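Participant: I would like the atomic coordinates for the input below:
(2 chains)
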2 protein chains.
Amino acid sequence: MGEFDLIERYFTRPARRASLGIGDDCAILSLTPGAQLATSSDMLVEGRHFLSTVLPERLGHKALAVNLSDLAACGATPIAFTLALAMPRADESFLEGFSRGLFALADEHDCELIGGDTTQGPLNICITVFGEIPAGQALLRSGARAGDDVYVSGTVGDARVALEVFRSTLGLEGDAFESVRRAMELPQPRVALGVALRGIATSAIDVSDGLLGDLSHILRRSKVGATLDVDAMPRSKVLAAQAMAMQRTCTLAGGDDYELVFTAAPERADAVHQAAARSRVQVTRIGRIDAAPGLRLVDTSGAAVDNTFGSFDHFRS
Amino acid sequence: MGEFDLIERYFTRPARRASLGIGDDCAILSLTPGAQLATSSDMLVEGRHFLSTVLPERLGHKALAVNLSDLAACGATPIAFTLALAMPRADESFLEGFSRGLFALADEHDCELIGGDTTQGPLNICITVFGEIPAGQALLRSGARAGDDVYVSGTVGDARVALEVFRSTLGLEGDAFESVRRAMELPQPRVALGVALRGIATSAIDVSDGLLGDLSHILRRSKVGATLDVDAMPRSKVLAAQAMAMQRTCTLAGGDDYELVFTAAPERADAVHQAAARSRVQVTRIGRIDAAPGLRLVDTSGAAVDNTFGSFDHFRS
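Facilitator: Reported below is the predicted structural model:
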């Protein structure tokens, strides 16, 4: 099967929002008047961002999910995406599953595939996603202010639990394993929450490299510090049943969570919880922003906890 | 050197047009009111799109050039691009050269790097480029009409000559080799010509997979046929000195030319040549569009030439 047949069979759908669909030199998009374009690119490599054991359908989901998560962190509404895909060979069963998972999530968010590229090479998936946002309303990393509350959506840490099971440093079976594996392989981008937090949150980022590491980007850009309650981190029942050291590593430095960490003024707490309820996502207050730089960890009794939790770096770990 | 240090050192520049530069979850772009967004993604893989012997600086140039060429084929003005880069290791001398070549071409076209991703993995370069175009003025593949003239910019075939030298099927040395090697490694995207042809050309495409193969996309989308004069194909002196069979293969099915093939009504011939002169690019009339489907080749005497020239397919060749 040739390159053009592949594109035709698995990735061509009728153009909707795009003025031109797949098949011209460029895709042409019109934005809503007054809107700005939000865009982000993520590249996924086998063995680094996903394991070779992942089902193609879940890989298709995740490849788009991690990009939609970047839109969510800016409060942007998804519009469209492009897909560039390198594969060792044109494997139809892979493509069938991959495209099914990809389009299921894309349709859920009304996000249209408008172009891309396929080529032969080591498996590599690069998606660029496009969203729009009313001018000036993007959630940035730079807006946190001293006194703001720090929140995180959903639960954190399960994807890391799954990774530790794959690494054989943790034993889990049956439903417990499947639930953390789903967290790793089928993350749900918090798009509705990001949109609902426009005008409420003062800053936001998505948790991809670990909560502490990602929050530190907000602190650096906003020129502030923070104090977090390590016992307040929302976690699943499966994770809550593990040893305390594992719980802390997974919640604080787990990575691959794709939840939103965000800040808001204390007087907007009701608005935050209403936005969360509208988006059907739980949010948990995990700390506060300080004027003094640095990240301080405390436990529920207020005692200091050493920050020995590393962040994920694609050239270090 | 960690991922964030790499990004900081080689790819961070002050934000200009983008409302947010590298370092937030998304880049935020504002378009000119009334403009549409044109976007395209290309993925380059070692051994398939470039040889391991290419200078990093030239690879940086080419990775962006092939994307700018897609904008050119639509008549879009470049605005910005994202870069996703997988590398086996953080090789500073590679990154220094690559980023230098990349930014030299980007600056030439006032095209700003607004985001991206770096990760460890087999070398893979995925660029997504953004341009803008007055609404409704994009050059499409679908607009060719019977009676139109068919043109190509520059010369075609030299990149294929270089490939044949690397494959040892052709011997070339010294300046002759360097000139075809530059054609392969340093293609010049015809951005100014694409913009100048808005409102003049009835269809356009860039030549990446070979002239006949790429023109056939225009014919299929436009539901027309064409007759081409194989002796009219513009070629370099180096190529003109080769055997006739090699000349025909390289000009008609060479690939990697990144010239524009376009069509225009005969009464617009003066406008075409004025657009070419303004863009400082030679254009050559190579045939005409027919109402009858199919692609017919003739030589300068009008005698039919068999079309035995294949097109380049990333899963076949």
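Participant: can you find the helix or strand of chain A with the lowest average pLDDT?
Facilitator: helix A:3-6 (a mean of 65; mean pLDDT, DSSP states H and E).
Participant: just the helices from the stretch 51-200 of chain A, written as ranges.
Facilitator: Ranges of helices within the stretch 51-200 of chain A are A:56-74, A:92-108, A:158-166, A:174-185, A:191-196, based on DSSP state H, counting those that start in this stretch.
Participant: that older thread, chain center to the following helix or strand past the least confident helix or strand of chain A, what's the gap?
Facilitator: Following helix A:3-6 in sequence order, the next helix or strand is strand A:27-29 (DSSP states H and E). In terms of Cα atoms, centre = their mean, to the nearest Å, the centre of strand A:27-29 is set 25 Å apart from its chain centre.
Participant: what of stretch A:129-139?
Facilitator: Offset of stretch A:129-139 from its chain centre (Cα atoms, centre = their mean): 17 Å.
Participant: same question for stretch A:52-64.
Facilitator: 14 Å.
Participant: please apply the same query to stretch A:168-176.
Facilitator: 24 Å.
Participant: cool, stretch A:290-298 as well?
Facilitator: The mean C-alpha position of stretch A:290-298 is separated from the chain mean by 25 Å, Cα atoms, centre = their mean.
Participant: next: stretch A:72-82.
Facilitator: Relative to the centre of its chain, stretch A:72-82 is centred 12 Å away, using Cα atoms, centre = their mean.
Participant: just the buried positions in that stretch, please.
Facilitator: Using 16 or more other Cβ atoms under 10 Å in any protein chain shown as the test for burial, stretch A:72-82 gives A:72, A:73, A:74, A:75, A:76, A:77, A:78, A:79, A:80, A:81, A:82. No exception for glycine: its C-beta is placed from N, CA and C like everyone else's.
Participant: which of the residues you listed come close to chain B?
Facilitator: A:73, A:74, A:76, A:82 (Cβ under 8 Å from any Cβ of the partner chain).
Participant: so the last one makes contact with residue B:128?
Facilitator: Yes - under the contact definition of Cβ atoms under 8 Å, residue A:82 touches residue B:128, with a separation of 6.1 Å.
Participant: now do the shared contacts for those two.
Facilitator: A:128, B:39, B:40, B:41 (Cβ atoms under 8 Å, 6 or more residues apart in numbering or on different chains).
Participant: got the contact list for the last one?
Facilitator: When contacts are counted by Cβ under 8 Å, 6+ apart, residue B:41 is found next to A:82-84, A:115-117, A:126, A:128, B:67, B:126-129.
Participant: kindly report the same for the first one.
Facilitator: Residue A:128 sits next to A:39, A:40, A:41, A:67, A:81, A:82, B:39, B:41, B:82, B:84, B:128 when contact means Cβ under 8 Å, 6+ apart.
Participant: find the nearest non-adjacent residue to the fifth one, please.
Facilitator: Same thing as residue A:81. Leaving aside its chain neighbours, residue A:81 sits nearest to residue A:129 (4.5 Å; criterion: Cβ to Cβ, 6 or more residues apart in numbering or on different chains).
Participant: check the second one too.
Facilitator: With sequence-adjacent residues excluded and distances taken as Cβ to Cβ, 6+ apart, residue A:40 is closest to residue A:70, at 3.8 Å.
Participant: correct me if wrong: the one you found contacts residue A:205.
Facilitator: No - in this structure residue A:70 lies outside contact range of residue A:205 using Cβ under 8 Å: 9.4 Å.
Participant: intersection of neighbour lists for these two?
Facilitator: When contacts are counted by Cβ under 8 Å, 6+ apart, residue A:70 and residue A:205 are jointly contacted by residue B:25.
Participant: measure residue A:145 to chain B for me?
Facilitator: Separation of residue A:145 from chain B (Cβ to the nearest Cβ, to the nearest Å): 17 Å.
Participant: so how far is stretch A:125-139 off the chain centroid?
Facilitator: 13 Å.
Participant: ugh, wrong one, stretch A:288-299
Facilitator: The mean C-alpha position of stretch A:288-299 is separated from the chain mean by 24 Å, Cα atoms, centre = their mean.
Participant: what of stretch A:289-307?
Facilitator: Its chain's C-alpha centre and that of stretch A:289-307 lie 25 Å apart, by Cα atoms, centre = their mean.
Participant: for that stretch, measure first residue to last.
Facilitator: 17 Å (Cα to Cα, to the nearest Å).
Participant: I'd like the mean pLDDT over it, please.
Facilitator: Average pLDDT, stretch A:289-307: 93.
Participant: give the buried residues for that stretch.
Facilitator: Of the residues in stretch A:289-307, those buried by neighbour count under the rule 16+ other Cβ under 10 Å are A:289, A:290, A:295, A:297, A:298, A:305.
Participant: residue numbers of the stretch 101-250 of chain A in contact with chain B?
Facilitator: Within the stretch 101-250 of chain A, the residues that sit near chain B (Cβ under 8 Å from any Cβ) are A:114-122, A:124, A:126, A:128, A:130-131, A:133, A:135, A:138, A:140-142, A:204-206, A:217, A:221.
Participant: keep only those of those residues that are in strands.
Facilitator: A:114-120, A:124, A:126, A:128, A:130-131, A:133, A:204-206 (DSSP state E).
Participant: give me the number of residues near residue A:246?
Facilitator: Around residue A:246 there are 17 other residues, counting by other Cβ atoms under 10 Å in any protein chain shown.
Participant: quick check: the two most widely separated of the shared contacts of residue A:82 and residue B:128?
Facilitator: Pairwise distances across those (Cβ to Cβ) peak at 9.9 Å, for the pair A:128 and B:40.
Participant: so what sits against both of those two?
Facilitator: A:82, B:128.
Participant: is it true that residue A:153 touches residue A:193?
Facilitator: Yes - counting by Cβ under 8 Å, residue A:153 touches residue A:193, with 5.7 Å between them.
Participant: so what sits against both of those two?
Facilitator: Common neighbours of residue A:153 and residue A:193 (Cβ under 8 Å, 6+ apart) are A:260, A:276, A:281, A:283.
Participant: out of these, who's nearest residue A:28?
Facilitator: Nearest to residue A:28 among the shared contacts of residue A:153 and residue A:193, with distances taken as Cβ to Cβ, is residue A:260, at 31.4 Å.
Participant: quick one: residues contacting the closest one.
Facilitator: Residue A:260 makes contact with A:72, A:73, A:152, A:153, A:190, A:193, A:194, A:197, A:204, A:205, A:206, A:207 under the criterion Cβ under 8 Å, 6+ apart.
Participant: most surrounded residue in the residues you listed?
Facilitator: Going by other Cβ under 10 Å, residue A:73 tops the contacts of residue A:260 with 36 neighbours.
Participant: ok, now which ones touch that one?
Facilitator: Neighbour list for residue A:73: A:139, A:194, A:204, A:205, A:206, A:260, B:25, B:26 [criterion: Cβ under 8 Å, 6+ apart].
Participant: who is the fifth one paired with across the strands?
Facilitator: I take that to be residue A:206. Per DSSP bridges, the residues bridged to residue A:206 are residue A:260.
Participant: in PyMOL, how would I select just the buried ones from the contacts of residue B:41?
Facilitator: Buried residues within the contacts of residue B:41, by 16+ other Cβ under 10 Å, are selected in PyMOL with:
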select buried, (chain A and resi 82+83+84+115+116+117+126+128) or (chain B and resi 67+126+127+128+129)
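Participant: make JSON lines out of the contacts of residue B:41 and add distance to residue A:55 and pLDDT.
Facilitator: Listed next are the contacts of residue B:41 as JSON lines, based on distance: Cβ to Cβ, whole Å; pLDDT from 0 to 100:
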{"residue": "A:82", "distance to residue A:55": "23", "pLDDT": "93"}
{"residue": "A:83", "distance to residue A:55": "18", "pLDDT": "94"}
{"residue": "A:84", "distance to residue A:55": "21", "pLDDT": "93"}
{"residue": "A:115", "distance to residue A:55": "26", "pLDDT": "86"}
{"residue": "A:116", "distance to residue A:55": "22", "pLDDT": "82"}
{"residue": "A:117", "distance to residue A:55": "24", "pLDDT": "86"}
{"residue": "A:126", "distance to residue A:55": "20", "pLDDT": "95"}
{"residue": "A:128", "distance to residue A:55": "24", "pLDDT": "95"}
{"residue": "B:67", "distance to residue A:55": "32", "pLDDT": "95"}
{"residue": "B:126", "distance to residue A:55": "24", "pLDDT": "95"}
{"residue": "B:127", "distance to residue A:55": "29", "pLDDT": "96"}
{"residue": "B:128", "distance to residue A:55": "27", "pLDDT": "95"}
{"residue": "B:129", "distance to residue A:55": "32", "pLDDT": "96"}
